[in-house]
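> what's the 3D shape of this:
(chains A and B)
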Number of protein chains: 2
Amino acid sequence: MGLNTRIEAAIADAVAIGQGAGRATPPRLASALHYATAPGGARIRPTILMSVAMACGDDRPEVSDAAASALELIHCASLVHDDLPCFDDADVRRGKASVHRAYSEPLAVLTGDSLIVLAFEILARQSSLAPDRVAQLIMTLAQRTGMPGGICAGQGWESEGEVDLKAYHQAKTGALFIAATQMGAIAAGQEAEPWFELGDRIGEAFQVADDLRDALYDADTLGKPAGQDDLHGRPNAVTELGVQGAISRLKDILGGAIASIPSCRGEAQLAEMVRMYAERLTPVVANTTVPGE
Amino acid sequence: MGLNTRIEAAIADAVAIGQGAGRATPPRLASALHYATAPGGARIRPTILMSVAMACGDDRPEVSDAAASALELIHCASLVHDDLPCFDDADVRRGKASVHRAYSEPLAVLTGDSLIVLAFEILARQSSLAPDRVAQLIMTLAQRTGMPGGICAGQGWESEGEVDLKAYHQAKTGALFIAATQMGAIAAGQEAEPWFELGDRIGEAFQVADDLRDALYDADTLGKPAGQDDLHGRPNAVTELGVQGAISRLKDILGGAIASIPSCRGEAQLAEMVRMYAERLTPVVANTTVPGE
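As a prediction, the model looks like this:
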């Protein structure tokens, strides 16, 4: 089974648990859980997680599957809530109507909430296989999702007059990439700490690439409204460094990311994966298709 | 230390972790986490949880504390999200402005999200003490919070044209009471299953009592807008049975609840606690103050 197929299967299995086939469940909310998670974007975070797990031996594939799907559920939940009228008020996501547009605002709030809860349930279900790893996975995912340092904190900074830019960027975009590399290592029984830097740098690169995409592409190409950062007055690498400056910054970061990969049996393959993302993330230079998020 | 003091201390410790003292965190969101959780309502769910844990021996008090505070964080999160303009559009909660009114709608969404995540983190932090119990606690809390059978599902039914009333009531109000009795048992190392009925019946009683309060009291007494069920066309025991019929139904349910308590060393005390709630829950008969939720 290819990596993409494996990830899609794990996510579909997780969503099916939330949908509770055969049980009395509210059908529109059950449908919205599927709508919000499939078809997915590039599945970058679970792909990184799984790549790290495989580089570390992947000796408990069920645990890696649970970790990858849990992380993607959290990411999808954040997109659903970020799209709400009180945040980005986005009508379109991944080329189709956003969840609150397709279903309703109440169902979009509940879809996000349910996906967050489901992520932790999916992990806890694997506890009997590897209790220590699962507990660590839940801790890591929680810390990179909530307060004080996760994506909720990142979004929270956007409601502040004075912003701690480093904390903002690390929480807003970095957090789930740090979760990706660290959870991949934990799922395969390895220490999390040495994998912090790789996730942190990929997150930083992704932020710069997102700024570039946001500055250079229109809504049709992105599958979401363009120019959002400018519109909301958020800090932006292109505004700070210009387009060429941001591209050169992106290359530096990705070089550092590759250099930071801890010694492991799949080190070379992992470096190749980062290089592949580097190409996909630098649209102006490589002129390749940019996957929608 | 009294039970109330112990519960308040556990909740305060949990919220402090989410606020991340000394770290760079968005200060308004950190403040909203506290605002949404203190001063609390009657803390009924964690009190039931802790009473069951104590009746079962409470041999891992740190685990019981984590379970009680995690459950209350989920309850508080649900209140914050339920109050949002797209749901109940409530300006007042527990006698003060609701979170979206006091802070903003984005911060209210994030407060709810952060409290949900924090609940699971608080539990996972105790994993080294009792890995099996913690994994079971996380599973139970997730299943009673999210989809397909938790309070998210309960709220989701309100977006449906056709409602499965039994599933709706059990998910909307019953779920966190079932979580309370079962998590209390699990925290003390006991089987969860025999404790289902007690939680289910308390939840049912609470729903009927809430219908009574909603029909009989005004907004000042409740600390929240009255007549909400009628306004939103939700099913209601008073509408079905009349006031006296609903009161008699409430007494039957609570009698059944006491009869359902599994044999354990603290059985008599637990029955006493249910009797105490019975008095507080039947305002018309007992003429006592009804605690705000």
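> what's the closest non-adjacent residue to A:Thr173?
A:Gln207 (4.3 Å; C-beta to C-beta, 6 or more residues apart in numbering or on different chains). C-beta here means a position set from N, CA and C on the backbone, and glycine is covered the same way.
> wait, A:Val163
A:Val163 sits nearest to A:Trp157 (C-beta to C-beta, 6+ apart), 5.1 Å away.
> would you confirm that the one you found contacts A:Lys166?
No - applying C-beta atoms under 8 Å as the test, A:Trp157 and A:Lys166 come out as separate, 10.6 Å apart.
> neighbour count winner among the two?
Per other C-beta atoms under 10 Å in any protein chain shown, whichever of A:Trp157 and A:Lys166 has more neighbours is A:Trp157, with 24 against 10.
> contacts only, for the more buried one.
Applying C-beta atoms under 8 Å, 6 or more residues apart in numbering or on different chains, we find A:Trp157 in contact with A:163-164, A:167-168, A:171-172, B:26.
> may I see those organised as TSV, with secondary structure and distance to B:Gln269 added?
Shown next, in TSV, are those (DSSP: H, G, I helix; E, B strand; the rest coil; distance: C-beta to C-beta, whole Å):
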residue	secondary structure	distance to B:Gln269
A:Val163	coil	52
A:Asp164	coil	49
A:Ala167	helix	47
A:Tyr168	helix	50
A:Ala171	helix	45
A:Lys172	helix	49
B:Pro26	coil	43
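> tell me the secondary structure for A:Met147?
Judged by DSSP: H, G, I helix; E, B strand; the rest coil, the three-state class of A:Met147 is coil.
> quick one, phi psi at it?
phi -100, psi 150 (degrees, to the nearest 10).
> count of residues packed around it?
Neighbour count of A:Met147, defined by other C-beta under 10 Å: 32.
> excluding chain neighbours, what is closest to whichever residue of the stretch 51-200 of chain A sits closest to chain B?
Using C-beta to the nearest C-beta, A:Pro148 is the residue of the stretch 51-200 of chain A that sits closest to chain B, at 2.6 Å. Among residues not flanking A:Pro148 along the chain, B:Gly20 sits closest, at 2.6 Å (C-beta to C-beta, 6+ apart).
> can you pull the pLDDT of that neighbour?
We have a pLDDT of 95 for B:Gly20.
> state the distance from it to A:Gln170.
Distance, B:Gly20 to A:Gln170, using C-beta to C-beta, to the nearest Å: 13 Å.
> more neighbours: the two, which one.
Between B:Gly20 and A:Gln170, counted using other C-beta under 10 Å, A:Gln170 has the larger neighbour count: 23 against 18.
> test my guess that the more buried one contacts A:Phe196.
No - the pair A:Gln170 / A:Phe196 is not scored as a contact, 10.6 Å apart, by C-beta under 8 Å.
> if we can go back for a sec, shared neighbours of B:Gly20 and A:Gln170, anything?
Common neighbours of B:Gly20 and A:Gln170, using C-beta under 8 Å, 6+ apart, are A:Gly149.
> ok so, going back, dihedrals phi and psi, the residue of the stretch 51-200 of chain A closest to chain B?
Dihedral pair for A:Pro148: phi -90, psi 0, per degrees, to the nearest 10.
> show me the contacts for it.
B:18-20, B:23, B:25, B:30.
> got it, and A:Ala167?
By C-beta under 8 Å, 6+ apart, the residues touching A:Ala167 are A:149, A:153, A:157, B:23-25.
> let's have the residues you listed in TSV, adding pLDDT.
Converted to TSV, those look like this (pLDDT from 0 to 100):
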residue	pLDDT
A:Gly149	95
A:Ala153	97
A:Trp157	95
B:Arg23	88
B:Ala24	91
B:Thr25	94
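> which two of the residues you listed have the greatest separation?
A:Trp157 and B:Arg23 (12.7 Å; C-beta to C-beta).
> report pLDDT for the closest residue to A:Gly146 other than its chain neighbours.
Once flanking residues are discounted, A:Gly146 sits nearest to B:Val117: 3.1 Å by C-beta to C-beta, 6+ apart. Note on B:Val117: pLDDT of 98.
> check the gap between B:Val117 and A:Ala70 for me.
In terms of C-beta to C-beta, B:Val117 sits 12 Å off from A:Ala70.
> A:Leu3 too?
17 Å.
> what about the two, which has more around it?
Using other C-beta under 10 Å, the more surrounded residue of A:Leu3 and A:Ala70 is A:Ala70, with 31 against 15.
> is any residue of the host helix or strand of that one near chain B?
A:Ala70 is part of helix A:61-82, with elements assigned from DSSP states H and E. Yes - interface with chain B: helix A:61-82 contributes A:77, A:81 (C-beta under 8 Å from any C-beta of the partner chain).
> next, find the distance separating A:Thr145 from B:Glu240.
41 Å.
> between those two, who's got more neighbours?
Using other C-beta under 10 Å, the more surrounded residue of A:Thr145 and B:Glu240 is A:Thr145, with 31 against 12.
> please name the nearest non-neighbouring residue to A:Asp65.
Nearest to A:Asp65 is A:Ala10, by C-beta to C-beta, 6+ apart, at 4.0 Å.
> which helix or strand contains the one you found?
Per DSSP H and E: helix A:3-19 holds A:Ala10.
> got the contact list for that helix?
With contacts defined as C-beta under 8 Å, 6+ apart, helix A:3-19 is touched by A:1, A:25, A:30, A:33-34, A:37-38, A:40, A:43, A:46-47, A:50-51, A:54, A:65-66, A:68-70, A:72-73, A:114-115, A:118-119, A:121-122, A:125, B:146-148.
> centre of the chain versus that helix, how much separation?
Distance of helix A:3-19 from its chain centroid, counting by C-alpha atoms, centre = their mean, to the nearest Å, is 15 Å.
> what comes up buried for that helix?
A:6-8, A:10-11, A:14-15, A:17-19 (16 or more other C-beta atoms under 10 Å in any protein chain shown).
> and that helix, C-alpha only, in PDB?
Listed next in PDB are the C-alpha coordinates belonging to helix A:3-19 (Å, rounded to 0.1, in the frame of the first residue of the first chain):
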ATOM      1  CA  LEU A   3       1.800   6.100   1.700                       C
ATOM      2  CA  ASN A   4      -1.100   8.200   0.300                       C
ATOM      3  CA  THR A   5      -3.400   5.300   0.300                       C
ATOM      4  CA  ARG A   6      -2.400   4.300   3.800                       C
ATOM      5  CA  ILE A   7      -3.000   7.800   5.100                       C
ATOM      6  CA  GLU A   8      -6.400   8.200   3.300                       C
ATOM      7  CA  ALA A   9      -7.500   4.800   4.700                       C
ATOM      8  CA  ALA A  10      -6.500   5.800   8.300                       C
ATOM      9  CA  ILE A  11      -8.400   9.100   8.000                       C
ATOM     10  CA  ALA A  12     -11.500   7.400   6.500                       C
ATOM     11  CA  ASP A  13     -11.500   4.800   9.300                       C
ATOM     12  CA  ALA A  14     -11.200   7.500  12.000                       C
ATOM     13  CA  VAL A  15     -14.100   9.500  10.400                       C
ATOM     14  CA  ALA A  16     -16.200   6.400  10.200                       C
ATOM     15  CA  ILE A  17     -15.800   5.900  14.000                       C
ATOM     16  CA  GLY A  18     -17.100   9.500  14.500                       C
ATOM     17  CA  GLN A  19     -20.000   8.900  12.100                       C
END
